[in-house]
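Peer 1: below is the structure, and that's it, no one-letter string:
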């Protein structure tokens with residue numbers, strides 16, 4: 001075994017050994033740092049999800065408290081649109097009418113009866129009070145035509 005490594009000076013042998021060891025340590029350290037960064041990113045994503053869930057629950061709790069303080073919680077047009085979309089219903093017409101004593105929303109939806117029941121249940125679960133007036137349901141070829149007025 002004729003090795004040139006043992007033929008070079010001792011300080012060069014130490015330098016090569018230290019350089020090789022420190023290079024391996026640095027590469028291992030980089031993998032360790034990269035793994036920590038991935039874990040931190042996962043924890044940040046989990047934190048953001050939990051934060052959004054907490055905010056949603058706080059909003060629901062605040063609505064519940066408001067519902068306890070007053071007899072009804074009024075719905076906005078935006079919340080109505082989101083609920084219609086979430087329950088696979090299609091808005092056929094929407095009319096906003098207001099007179100001296102009340103405000104009416106004349107709404108016509110197309111969809112299945114089950115989806116309409118989920119639509120109503122969704123509002124009840126979120127502590128909204130819906131005052132239906134003139135509810136009518138007509139069967140079309142493949143869907144139901146649901147007409148009603150909401151009184152505010």
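Peer 2: All right, it came through fine. Treat the numbers as computed from the prediction; the structure is a model and nothing was measured. Numbering: from 1, shown residues only.

Peer 1: what's the domain layout of this structure?
Peer 2: Domain segmentation of the chain under the TED database yields 9-69, 77-151.

Peer 1: mean pLDDT lowest for which of those domains?
Peer 2: With a mean of 76, domain 77-151 has the lowest mean pLDDT of the domains of the chain.

Peer 1: how far does it sit from the chain's center?
Peer 2: 23 Å (Cα atoms, centre = their mean, to the nearest Å).

Peer 1: what's residue 90 sitting at in phi/psi?
Peer 2: phi -120, psi 130 (degrees, to the nearest 10).

Peer 1: since we're on residue 87, how many residues are nearby?
Peer 2: 19 (other Cβ atoms under 10 Å). C-betas here are computed from N, CA, C, even on glycine.

Peer 1: in space, what's closest to it - neighbours in sequence excluded?
Peer 2: Spatially, and ignoring its direct neighbours in sequence, residue 87 is nearest to residue 119 (4.3 Å; Cβ to Cβ, 6 or more residues apart in numbering).

Peer 1: for residue 57, see how far away that neighbour is.
Peer 2: 22 Å (Cβ to Cβ, to the nearest Å).

Peer 1: quick check: residue 22 is in a helix.
Peer 2: Yes. Assessed by DSSP: H, G, I helix; E, B strand; the rest coil, residue 22 belongs to a helix.

Peer 1: give me the neighbour count for residue 94.
Peer 2: Number of residues near residue 94 (other Cβ under 10 Å) recorded here: 14.

Peer 1: so it, which of the three states?
Peer 2: Quick answer, by three-state DSSP: residue 94 is strand.

Peer 1: beta-bridge partners for it, please?
Peer 2: Judged by DSSP bridges, the bridge partners of residue 94 are residue 107.

Peer 1: tell me who's in contact with it.
Peer 2: Contacts for residue 94 (Cβ atoms under 8 Å, 6 or more residues apart in numbering) come out as 105, 106, 107, 108.

Peer 1: can you select the buried ones from these in PyMOL?
Peer 2: To isolate the buried ones among these in PyMOL, judged by 16 or more other Cβ atoms under 10 Å, type:
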select buried, resi 105+107+108
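
Peer 1: of all the contacts of residue 94, which two lie farthest apart?
Peer 2: Distance extremes for those: the farthest pair is 105 and 108 at 10.7 Å, using Cβ to Cβ.
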